[in-house]
Structures are given as C-alpha cells and as structure tokens.
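K.L.:
Would you be able to build a 3D model of this:
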Amino acid sequence: MTTSDPPSPLGQPARESIEALAALEARYARERRRDKRLAARLVSALGHGGYLATLFGLIAGWVIYNSLAPPGWRPDPPPFPFLGNSFAAIGAITTALLLMRTADIARSDRERGYLALHVAILAERKIGRLIELQKLTLERAGVPREDIDTDLAEWLRGNTIDDAIESIRATLPRDR
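P.N.:
The predicted structure is shown next:
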C-alpha cells in the first residue's frame with residue numbers, strides 16, 4: 001500500500017491477508033510453466049459445449065462422407081478404423097491434459113490452504129494478545145484475576161474448534 005492509497009475499511013490485518021493472497025496468486029501464475037498454461041487453456045476449451053458439438057459434427061461428417069462417397073474416394077470405409085484410432089488418441093490426449101490441469105489445481109489449492117492456515121494462526125495469536133490485554137486492563141481496573149479467569153473460561157466454553165467443525169458439518173448438505 002502506498003501513502004496515496006485510501007485506508008481500507010477492512011483494516012490493516014485483513015488488507016495484509018488479501019495482499020498475501022494476491023501475491024501468492026501472482027507468484028503461482030509466474031511459476032506456471034508454458035506447457036501448464038497451454039494445458040489450462042486447452043482444458044478450458046474442452047469444458048465448453050462447442051467442443052462436444054465440434055466432435056459430434058466431425059464424427060457425423062466423417063461417417064456420412066465415408067458411407068456415401070464412391071468406394072475409391074473413401075479414406076476410411078466402414079467400420080471406420082481411422083476414426084476409431086483418431087478418437088482413441090484424442091481421448092488419451094484429453095485425459096493427459098485433464099490430469100495435468102487437476103494436478104495444477106491441487107497444487108494451487110494446497111498453497112491456498114497453507115495461506116488460510118497461516119492467516120488463521122495469525123488471527124488466533126492476535127485474539128490471544130487482545131484477551132491478554134483485556135485481562136490486564138480489567139486487573140488494573142481492580143477486577144480480581146480469579147473473576148476474570150472464571151468469566152473468560154465461561155465465555156470460551158462451547159467455542160472450540162471441534163464445536164465449529166460440528167456446526168459446519170451440521171449446516172452443510174451431505175454428500176450423496
């Protein structure tokens with residue numbers, strides 16, 4: 001952030017986390033090899049209906065031409081062995097591209113997970129410091145340490161990671 005940037009309504013820690021995520025994405029994009037970028041573009045094209053329409057059109061055109069053309073003009077007469085071998089090769093190439101892209105996505109997701117864990121740990125540390133600061137403030141105001149600890153323990157009860165996980169599991173739809 002430069003001095004001319006307006007202050008973020010999210011605050012400094014959130015802005016730092018967002019900037020860290022943006023830096024991770026930029027680094028990830030820079031580090032991707034040319035073949036992985038090409039594979040990503042090709043897999044993206046495979047995910048559109050136009051790809052299937054083109055394949056079906058090619059198959060239909062090939063079958064119709066090789067069925068109706070004069071016998072001497074048929075490069076691949078029925079049962080169309082060239083067509084079958086061509087699509088077997090296309091299937092193998094498509095599978096390889098999809099596997100490359102899946103591995104790439106898994107790596108990116110893993111790095112995002114590490115970043116999310118890092119942000120969560122930093123947030124937990126900051127919250128812990130705020131609790132300690134609040135305890136110190138209450139002690140200085142004359143509240144006995146035992147009362148502070150009792151109130152804090154009661155407040156924290158039911159706020160464990162296991163409770164949060166169970167709440168999330170209960171809220172999310174079940175896999176079928």
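K.L.:
Can you report how many residues lie near residue 39?
P.N.:
Number of residues near residue 39 (other CB atoms under 10 Å) recorded here: 20. Backbone N, C-alpha and C define where each C-beta goes, glycine included.
K.L.:
Quick check: buried residues in the helix or strand encompassing it?
P.N.:
For residue 39, the element it lies in under DSSP states H and E is helix 34-46. The neighbour-count check on helix 34-46 (16 or more other CB atoms under 10 Å) flags 39-40, 42-43 as buried.
K.L.:
So for the following helix or strand past it, what gets flagged as buried?
P.N.:
The helix or strand immediately downstream of helix 34-46 is helix 49-68, counting by DSSP H and E. Neighbour counts over helix 49-68 (16+ other CB under 10 Å) mark 62, 66 as buried.
K.L.:
and what of stretch 12-26?
P.N.:
Quick answer for stretch 12-26 (16+ other CB under 10 Å): residue 17.
K.L.:
can you check stretch 138-151 too?
P.N.:
138, 148.
K.L.:
which stretches of this structure form strands?
P.N.:
With DSSP state E as the criterion, the chain has no strands.
K.L.:
most residues in a single helix of it, which one?
P.N.:
helix 81-140 (DSSP state H).
K.L.:
Averaged pLDDT, that helix. What do you get?
P.N.:
Averaging pLDDT along helix 81-140 gives 88.
K.L.:
Who are the packing partners of that helix?
P.N.:
helix 12-31, helix 34-46, helix 49-68, helix 145-156 (3 or more CB pairs under 8 Å, 6 or more residues apart in numbering; DSSP states H and E).
K.L.:
Which other helices and strands does the third one contact?
P.N.:
With contacts defined as 3+ CB pairs under 8 Å, 6+ apart, the secondary structure elements packing on helix 49-68 are helix 81-140.
K.L.:
Against residue 30, how distant is residue 104?
P.N.:
Look at residue 104 and residue 30: by CB to CB, to the nearest Å, they are 14 Å apart.
K.L.:
Tell me how far the longest helix of the chain lies from the chain's centre.
P.N.:
6 Å (CA atoms, centre = their mean, to the nearest Å).
K.L.:
okay, the angle between that helix and helix 49-68?
P.N.:
Going by axes from the mean of the first three to the mean of the last three CA atoms, to 10 degrees, helix 81-140 is angled at 170 degrees with respect to helix 49-68.
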